[in-house]
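Chemist: no FASTA, just this:
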């Protein structure tokens, strides 16, 4: 069981209150986390990454255990604390309201 | 009898609204600099006829305009004698638009990087002047808050500008990132009780204070909590939308943050939330009554995604208790189908005995109240989107 924290606008889009808990088979990577997230909440497809190329939307960032992993490889293993669910995987929106 | 002069910067020019102390009948002049974005205009507290304006354009870059006759005529300071500055489109022939970061070994700081929206490093690059703050003592001295965030000063009436590099270079710059409007230094407060003290605010870095006239700076963001950034309690990275202070008190500051209305009673060292019963604590403007240091005003905006008033009702909220307890001021403001925004520098307060309050909207209305917010009326309704509002109380 891993935990994903979404920014407010994506929580609203998906109708989510609080963090999301996901089961992932196999290695826990950003790729597998997003696959599981999009499978559970299809309305999020295309909002975090491009439908076809899988490229991250430019106003989103990813954090794991306080580290910015936005620019790490999508298939790189996430830290054990993320894989075990001890720490949430953060998807953070840029401050774009100013 | 006193008069008031309201300086309005818009997306497509500047407007000057003038009235006597009754503030019932208004004369409107403009557009000045038609077609240009006027981010800010402000008059010198020492010489009210001295007004500075930031004129900017994606096509042409930055121009600084100055008036020495209360806005009747304008020129670009530093233009050599005999040279024309006859039209707003003419580019400066002097150096009034030359904002160059000070990277010299003697006085400057290296040109490092801040963060882009996605966290990638991005070198500092001058884009425009957001805010002009004339000195409290000298009409020829004026401060400029710029994008990408830094503080500049001119001591010759805007002819030339020098960076105060201690702010950009004080050490946390690599963690600053832009809000949607850019990485802008948008608020400058000069402390009338302590001439060495300056407050500034940057989106999205936070608030900073200098106690040595701008040479060195410290972040003053303890107590701010921003759930939408990687470390919600970080030293910097908070999207502060505006800060305000009453001249009578050096230590009390008010802040409208991206979300949350805050106050500090120790010059920014720590902050506490005062959102209280506001319908939403998102917003841009915040200001303080001229004669009541604990009376403050905000305009709640629905959310970061929906930049308009909740329920389509344009309401100014006033607290007479320094926060937490707020009352809606609606008399004369549209209470249905209103979906405008009020941007961060678009509220101002005059200093007449019956305190006047003014704010401009992205829909082009400028509203005024001559009774501290109890009743409102539009002064003009159909200007271009309003970026900034300042007011001068003329004796």
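Modeler: Thanks, I have it. What you see is a predicted model; the values in this text were computed from it and never measured. Numbering: from 1, shown residues only, chains lettered A, B, ... in the order given.

Chemist: buried stuff in stretch B:294-313?
Modeler: Going by neighbour count (16 or more other Cβ atoms under 10 Å in any protein chain shown), the buried part of stretch B:294-313 is B:294-302, B:304, B:307-310, B:313. No exception for glycine: its C-beta is placed from N, CA and C like everyone else's.

Chemist: Which positions in chain B make contact with chain A?
Modeler: Proximity of chain B to chain A, by Cβ under 8 Å from any Cβ of the partner chain, involves residues B:117-120, B:177-182, B:184, B:203-204, B:228-231, B:239, B:241, B:258, B:282, B:304-305, B:307.

Chemist: Just the buried subset of those, please.
Modeler: B:117-119, B:177-182, B:184, B:203-204, B:228-230, B:239, B:241, B:258, B:282, B:304, B:307.

Chemist: Quick check, pLDDT for the residue of chain B found nearest chain A.
Modeler: Scanning chain B for the residue nearest chain A gives residue B:179, at 2.5 Å (criterion: Cβ to the nearest Cβ). Note on residue B:179: pLDDT of 87.

Chemist: cool, and the one 5 residues further on?
Modeler: For residue B:184, the model assigns a pLDDT of 96.

Chemist: That one against residue B:144, yeah?
Modeler: No: with contact defined as Cβ atoms under 8 Å, residue B:184 does not count as touching residue B:144 (11.5 Å).

Chemist: what ranges of the chain fall below the confidence cut-off?
Modeler: If you meant another chain, say so; for now it's chain A. A:96-98 (pLDDT under 70).

Chemist: Oops, wrong one, chain B.
Modeler: Scanning chain B with the threshold set as pLDDT under 70 gives B:85-89.

Chemist: if you set the cut-off to 90 instead, what comes out?
Modeler: Within chain B, the stretches with pLDDT under 90 are B:1, B:57-60, B:78-95, B:117-120, B:170, B:179-181, B:227-231, B:250, B:304-305, B:395.

Chemist: the residue most distant from the middle of it, which is it?
Modeler: Most distant residue from the mean C-alpha position of chain B: residue B:82, 34.1 Å away (Cα atoms, centre = their mean).

Chemist: Which elements pack onto the longest helix seen in chain A?
Modeler: In chain A, assigned by DSSP state H, the helix with the most residues is helix A:30-40. With contacts defined as 3 or more Cβ pairs under 8 Å, 6 or more residues apart in numbering or on different chains; DSSP states H and E, helix A:30-40 has these neighbours: strand A:2-5, strand A:20-22.

Chemist: List of residues touching the helix or strand following it?
Modeler: Using DSSP states H and E, the helix or strand that follows helix A:30-40 towards the C-terminus is strand A:60-64. Contact with strand A:60-64 is made by A:7, A:30, A:48, A:56, A:68-70, A:78-79, A:81-82, A:87, A:89-94, B:118-119, B:230, as judged by Cβ atoms under 8 Å, 6 or more residues apart in numbering or on different chains.

Chemist: In chain B, which residue is most central in space?
Modeler: Closest to where the C-alpha atoms of chain B average out (Cα atoms, centre = their mean) is residue B:345, at 3.8 Å.

Chemist: Let me see the backbone angles for that residue.
Modeler: phi -100, psi 20 (degrees, to the nearest 10).

Chemist: Mind listing the residues bridging to the closest residue to it other than its chain neighbours?
Modeler: Setting aside the residues directly before and after it, residue B:345 is nearest to residue B:388 in space (Cβ to Cβ, 6 or more residues apart in numbering or on different chains), at 4.1 Å. In this entry, residue B:388 is beta-bridged to residue B:9, residue B:345, by DSSP bridges.

Chemist: again, but for residue B:163
Modeler: According to DSSP bridges, the partner residues bridging residue B:163 are residue B:152.

Chemist: Regarding stretch A:12-31, how distant is the last residue from the first?
Modeler: The straight-line separation of the ends of stretch A:12-31 (Cα to Cα, to the nearest Å) is 22 Å.

Chemist: just to revisit the earlier point, now, which of the residues of chain B next to chain A lie within strands?
Modeler: Within the residues of chain B next to chain A, residues falling in strands by DSSP state E are B:184, B:203, B:241, B:282.
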